[in-house]
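predicted model and sequence below, questions to follow.
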Amino acid sequence: MAKKAVVKAAEPQAVHVDARTGIGMFFTLTGTILTAFGVATRDNPGAYAKSLGIDANLWWGLALLVFGIVMLALGRRGQTREQATGNRERKTRNK
């Protein structure tokens, strides 16, 4: 009689989506657009008369840009940690 090959079913891969990555992308894009607009309209004093001459678009754009970059970095760090933890768990399960 021929032996039948035993095939183990592949373990389902868990998909972990970190919300910080999406939030970081959104704020980075918004901050970039707002910063570019602030730089483009910097020499127009009439545009900033209501804000006491402060280029609010530039400063808030930079704040959003920094926040977005921080969120992207934290999301990326979380994904690499999750991958490292998942690899360790798989190795210990297979032993």
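Yep, that arrived. Numbering: from 1, shown residues only.

any idea which helix is longest in the protein?
helix 56-94 (DSSP state H).

who are the packing partners of the helix or strand of the chain with the lowest mean pLDDT?
In the chain, the helix or strand scored least confidently by mean pLDDT, DSSP states H and E is helix 56-94, which has a mean of 82. With contacts taken as 3 or more C-beta pairs under 8 Å, 6 or more residues apart in numbering; DSSP states H and E, helix 56-94 sits against helix 19-40. For every residue, glycine as well, the C-beta is placed using N, CA and C.

from the chain's centroid, how far away is the helix it packs on?
Offset of helix 19-40 from its chain centre (C-alpha atoms, centre = their mean, to the nearest Å): 11 Å.

ok, and what's touching it?
Residues outside helix 19-40 that contact it (C-beta atoms under 8 Å, 6 or more residues apart in numbering): 55-76, 78-79.

and it, what's buried?
R20, T21, I23, G24, F27, T28, T30, G31, L34, T35, G38 (16 or more other C-beta atoms under 10 Å).

quick one, it and helix 56-94 angle?
Put simply, helix 19-40 runs at 160 degrees to helix 56-94, going by axes from the mean of the first three to the mean of the last three C-alpha atoms, to 10 degrees.

now helix 19-40: average pLDDT?
The average pLDDT within helix 19-40 is 94.

please shift the residue numbers so they start at 577 in all later answers.
Okay, using 577 as the starting number, the last item reads as helix 595-616.
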